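>>> sequence and computational prediction follow.
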Amino acid sequence: MKLAFDHPDPNLQAPWRYAQIGLLILPFSPSLGGFSIGLAALLTWLREYRTIIHRPLNWGFAGLSVLLVISSIFAYDKTQAFLGLFNLLPYFLFFAGFSTLIQTPAQLRHIAWILVISSVPVVMMGFGQIFWGWNLNIQILWILLDIAIAPGGEPPGRMAAIFMHANIFAAYQAIAFTLGLGLWLEQWRLKIRKPRRFLLLFLTISIITNFVALILTDSRNGWAMAMVACLAYAMYQGWRIIVGSVVGVVTTVLLAAFAPSPIAQIFRRVVPAYFWGRLNDQMYPDRPVAMMRKTQWEFAWSLTQQQPWTGWGLRSFSALYKAKMQIDLGHPHNLFLMLCAETGLPSALLFYGLVSWILIAGFQLLRTLKNIALTDKLIFFSYLVVTIEWVLFNTVDVTLFDFRINTFSWVLLSVLCGGVYNFQQHQKLNLS
C-alpha cells in the first residue's frame, strides 16, 4: 500500500516529495521553500512535457504572458514593468507543472494537512507578538531561515506574525482556517468507523487558534473570509441551524456598523465596538482620503480609461498615485483594477477569464461527481471554497507582492485545476 506522501506515478515521486518539503518550510524559509517547490514544478515539466503542452489552459497562460510582455514594452517605466513580470510569469510556468503533478484526492488532502500543520507555529508566533511583545529577527545564511517578528504587530496592535502586514497574515490564516475546517469535517465523518480522537483534537485546536488569530489581525477581509468559510461548509453539510446562525451574526454586526443611528444603537449594545467600529472606519476617523479604497479604485479606473489596451506597465500604480496624491501606496487594493490599469483590459480580462474557467469547471465537476468517496468530494469542495476566498480577498486587497502568499495562491489554483483534470479522468474511466 502506498503511503500518503507517495505519488501514484513512480516517475513523479521525487517532484512530489520536493513539493511537500517546500510547502512545509515556505513560511519560515521563503528562499529554500520556494526553491524546493520550483524544483518540483521543473522536474514535472521535464517528465510530463507532452501532457502539459496539450492542456488548453496552459496555452491561455502562454498567451497572457505575451500580452504582459507587450504591455511592459509600452510601459510608463519599462524597468519597473519588466521587474513586475517576475510576480507573474514564473508562476504561470509553475502552475502548468504543479497542476500536472496533482493526480489524486490523497494529494489534495496531504497538501491541506501540510498547510494546516505549518500554520500552527506561525500562529503561536503571532500570539507571542501581540501578548508578550516578541521581537525576533532570525536569519541563518538568509536562505536557510528568515523569520522577522515586529513587537506589538504590524501595523501596531494588529497581529501579523512573521508576515510584513496584518492583512497578508489574514490571507494566510484564511487559507489554513478554511482547509482546517474541511479536514475537521472529514475526520468527524470518519470517527464513526475509526478512533481519530487525536486528529480531531489537533484540528479543533488549530481551527480555534486560527480563528482567534484572524480576529486579532483586525482585518475586515480576514473576518469576511472566516464567515464565508463557515457559511459554505454549513450549507454544504445542510446544517440549517448553523447557516441561520452565521447569517444572523453577520447581519447583526452589519446593522451595528452601517444602519441608521437609531437602529445601529440597538445592535451596538450587543456587538463590541471592536467589530462595528472597524467595519465602518469609525475606529480610524482621521484616515486621509487618499488612503481610502474608493479613492484608490477611482484612480486606478481613470488610468485604465486613459490607456485601456496596454496599460501603464506593471508596478506603475505606486509612482503615478504618489505623483497625484503625494502619498506612498503600493497598490490600489483591488487586483483586477490594478491589472486593468497596469497591463490593460485585454490582459486583465484574460487573466480573470482563466481563473474563472478553473472555478466554473470546479463547480460543474462538483455537481456531477459520482462513484467517489464523500471525503474525496469534501476535500475538493474545500479547495473550491478557499480559491473563491482568494478571489474575493483580492477584490479588496492585493496578495501578489508577498512571495509566500503569492506562492500559496498559485498552489491553490494548481491543486484545484489538477483536481478538476483528474476527477474528470476518473469519471471518464467509470463511464467506460
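Here it is on my side, so go on. Because the structure is a prediction, the values reported are computed rather than measured.

>>> which ones are touching H331?
F317, S318, M338, V398, L400, F401 (Cβ atoms under 8 Å, 6 or more residues apart in numbering). Glycine gets a C-beta too; all of them are placed from N, C-alpha and C.

>>> no wait, G128
Neighbours of G128 in contact, by Cβ under 8 Å, 6+ apart: W134, I149.

>>> list the buried residues of stretch 368-378.
Buried positions in stretch 368-378, judged by neighbour count with 16 or more other Cβ atoms under 10 Å: L369, T375, D376, K377, L378.

>>> now swap in stretch 74-91 and tell me
Buried, per 16+ other Cβ under 10 Å, within stretch 74-91: A75, Y76, D77, Q80, A81, F82, G84, L85, L88, Y91.

>>> now do stretch 307-324
Applying 16+ other Cβ under 10 Å to stretch 307-324 flags Q307, T310, G311, W312, G313, L314, R315, S316, F317, L320, Y321 as buried.

>>> which SS state does the residue with the largest distance to the centre of the chain fall under?
Relative to the centre of the chain, the most outlying C-alpha is that of P262, 38.3 Å out, by Cα atoms, centre = their mean. Assigned with DSSP: H, G, I helix; E, B strand; the rest coil, P262 falls in the helix class.

>>> how near is it to G248?
21 Å (Cβ to Cβ, to the nearest Å).

>>> same check, this time on W132
36 Å.

>>> repeat that for S118.
34 Å.

>>> ok, I53 next?
Distance from I53 to G248, by Cβ to Cβ: 51 Å.

>>> cool, and Q425?
42 Å.

>>> residues contacting V122?
P27, A161, I162, Y172.

>>> err, R189, not the other one
By Cβ under 8 Å, 6+ apart, the neighbours of R189 are L374, T375, L378.

>>> per-residue confidence for the residue nearest to the first one when sequence neighbours are not counted?
Read it as L374. Distances taken as Cβ to Cβ, 6 or more residues apart in numbering put R189 closest to L374, at 6.9 Å, once the chain neighbours are dropped. Per-residue pLDDT puts R189 at 78.

>>> mind checking which helix or strand R189 is in?
R189 is located in helix 166-190, with elements delineated by DSSP states H and E.

>>> check which element follows that helix along the chain.
Next along from helix 166-190, by DSSP H and E: helix 197-216.

>>> tell me what whatever helix or strand comes next after that following helix is packed against?
On the C-terminal side of helix 197-216, the closest following helix or strand by DSSP H and E is helix 220-237. Under the contact criterion of 3 or more Cβ pairs under 8 Å, 6 or more residues apart in numbering; DSSP states H and E, helix 220-237 touches helix 166-190, helix 197-216, helix 240-258, helix 273-279, helix 374-393.

>>> how many other residues sit next to Y49?
13 (other Cβ atoms under 10 Å).

>>> any idea how far Y91 is from it?
Distance from Y49 to Y91, by Cβ to Cβ: 19 Å.

>>> now do G33
On the measure of Cβ to Cβ, G33 and Y91 end up 15 Å apart.

>>> do A319 as well
The gap separating A319 from Y91 is 24 Å, by Cβ to Cβ.

>>> run through the stretch 1-150 of the chain and note the low-pLDDT ranges.
By pLDDT under 70, the low-scoring segments of the stretch 1-150 of the chain are 1-5, 141-143.

>>> 80 - rerun?
1-8, 138-146 (pLDDT under 80).

>>> where do the helices sit along it?
Under the criterion DSSP state H, counting those that start in this stretch, the stretch 1-150 of the chain contains helices at 13-25, 30-47, 49-53, 56-73, 78-84, 89-101, 105-131.

>>> let's have the ones you listed in TSV, adding distance to W410.
TSV is the format used below for those (distance: least, Cβ to Cβ, whole Å):
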stretch	distance to W410
helix 13-25	12
helix 30-47	9
helix 49-53	15
helix 56-73	11
helix 78-84	16
helix 89-101	5
helix 105-131	13
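
>>> please identify the deepest-packed of the ones you listed.
helix 89-101 (a mean of 22; mean count of other Cβ atoms under 10 Å).

>>> does anything pack onto that one? Which helices or strands?
Short answer (3+ Cβ pairs under 8 Å, 6+ apart): helix 89-101 packs on helix 13-25, helix 30-47, helix 49-53, helix 56-73, helix 403-431.

>>> tell me which of those helices approaches A232 most closely.
Comparison of those against A232 by Cβ to Cβ identifies helix 403-431 as nearest, at 14.5 Å.
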